[in-house]
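Participant: For reference, the sequence and a predicted model appear below.
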Amino acid sequence: MTSKKDLMRCRLCGCEALERAFHLGNMPRWNHRLLGSHEVASDRGVDLTMFACGQCGFVMLPTAPADEYYEDYVNAPSFSPQMRAAQLEQATAFVRRFGLEGKRVLEVGCGDGSYLECLALAGAVARGIEPSAAQRAIALTRGLTVDAGVLPADRGIADAPFDAFVTRQVLEHVGDIASFVLGVRRQMKAGAVGLVEVPNFDKLRLEGRYFDFIPEHVNYFTPTTLRLALELHGFEVLETAPAIEGEALCALVSLPPAPDFGAAERGVAELSAAVSAFVADSKRLGGEVAVWGAGGKGLSILACADLRGVDHVLDSDPHKLGRFTPVSHLVVSHPDILRERDVQAIVITAPAYQREIRQVLEERYHFRGRIALVDGGLRVIQERMSAGVRA
């Protein structure tokens, strides 16, 4: 590998500085088809320059297959009894492992429908999508349900959401990995599973198989970069393993439920209400109320909660003393004011230091008032025992 840089973006991680990996000259323009007699005179070879990402290790061609590539595509494995048997075995294992009998499974890039048939034979309710009109026509003659086109992130498909998906020998052709994977994800239920199969770049590289670098394969995946391509776009990779006698990589994935960000907002409201209630209750019992902790967590709590009843903010850090909290605008005092003021309740907002703070309160200040701890919520960990501070 040379050190020459090319300012393109990695198709996988977006890194701008790619390294020129190697060059192959005079290669066939497309490796999936032979020429007609009328095409021989105008046929010319093409040069392939592979680039590698120094950040994630992904190897790629900078160009994507032209649109006409798909129209002449021939699904050669469909004519191999050995491959048909392997496909049926793989599809059956996938359906059985994840209990997909009677469930809806989408194959993205289904070609002539040979694998869709395997999924159906295994008991799944299979539907496909395929950009090649010729291949799609063959699938339709088999009585299969196949939609036309590709699957960008913003497209929807009838029968979505699906319980599972399969995409085999497709991702290596895709010019926009993010759009493709997000498009698949959009069609899935939470908890859906998937099978992703691509050529095995490690086998190509380790065995020096230059003949497997072809213009229509613009992405070259290792187990690491295949996992990254899927995890970057929301899938959990359950496992990756060689397939087809090591010629391919197969990843099994699942789609976790989307994070509930509303829970965080509700948590803020609930915590603010709990802190405000603790302050109000403590004020009714008499005495002053202090918050111990002017760090990041404390400042956020002070900003969010209604702390009009708080009398003091305490912190032992000398760099914070005499300064004011943002939003709530309370001055930060040294805990020694507990010797002078009638503080009867304290809210500790530094859970990582709560044992140390409680020890200081008990041993140095002989504090006997109420103590509440903010730690994923508000917990009252000590009720008033007598006077707040004993002389």
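Facilitator: The structure has been received and is ready for your questions.
Participant: pull the CA atoms of stretch 131-148 into PDB?
Facilitator: Once non-C-alpha atoms are left out, stretch 131-148 reads as follows in PDB (Å, rounded to 0.1, in the frame of the first residue of the first chain):
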ATOM      1  CA  PRO A 131     -33.900  -3.400  -9.700                       C
ATOM      2  CA  SER A 132     -33.400  -5.600 -12.800                       C
ATOM      3  CA  ALA A 133     -36.500  -5.700 -14.900                       C
ATOM      4  CA  ALA A 134     -35.300  -8.900 -16.600                       C
ATOM      5  CA  GLN A 135     -34.600 -10.700 -13.300                       C
ATOM      6  CA  ARG A 136     -37.800  -9.500 -11.800                       C
ATOM      7  CA  ALA A 137     -39.800 -10.800 -14.700                       C
ATOM      8  CA  ILE A 138     -38.300 -14.300 -14.100                       C
ATOM      9  CA  ALA A 139     -39.300 -14.100 -10.400                       C
ATOM     10  CA  LEU A 140     -42.800 -13.100 -11.300                       C
ATOM     11  CA  THR A 141     -43.200 -16.000 -13.600                       C
ATOM     12  CA  ARG A 142     -42.400 -18.200 -10.600                       C
ATOM     13  CA  GLY A 143     -45.500 -16.800  -8.900                       C
ATOM     14  CA  LEU A 144     -43.400 -14.700  -6.400                       C
ATOM     15  CA  THR A 145     -44.200 -11.200  -5.100                       C
ATOM     16  CA  VAL A 146     -41.500  -8.800  -6.200                       C
ATOM     17  CA  ASP A 147     -41.400  -5.000  -6.200                       C
ATOM     18  CA  ALA A 148     -39.400  -3.000  -8.700                       C
END
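Participant: Name the residues of that stretch that come out as buried.
Facilitator: Pro131, Ser132, Gln135, Arg136, Ile138, Ala139, Leu144, Thr145, Val146, Asp147 (16 or more other Cβ atoms under 10 Å). All C-beta atoms are positioned from the backbone trio N, CA, C, and that covers glycine.
Participant: Quick check: which element contains the nearest residue to Gly25 once chain neighbours are set aside?
Facilitator: Distances taken as Cβ to Cβ, 6 or more residues apart in numbering put Asp47 closest to Gly25, at 5.0 Å, once the chain neighbours are dropped. In the assignment (DSSP states H and E), Asp47 maps to strand 46-53.
Participant: what's the answer for Glu117, then?
Facilitator: Assessed by DSSP H and E, Glu117 sits inside helix 114-121.
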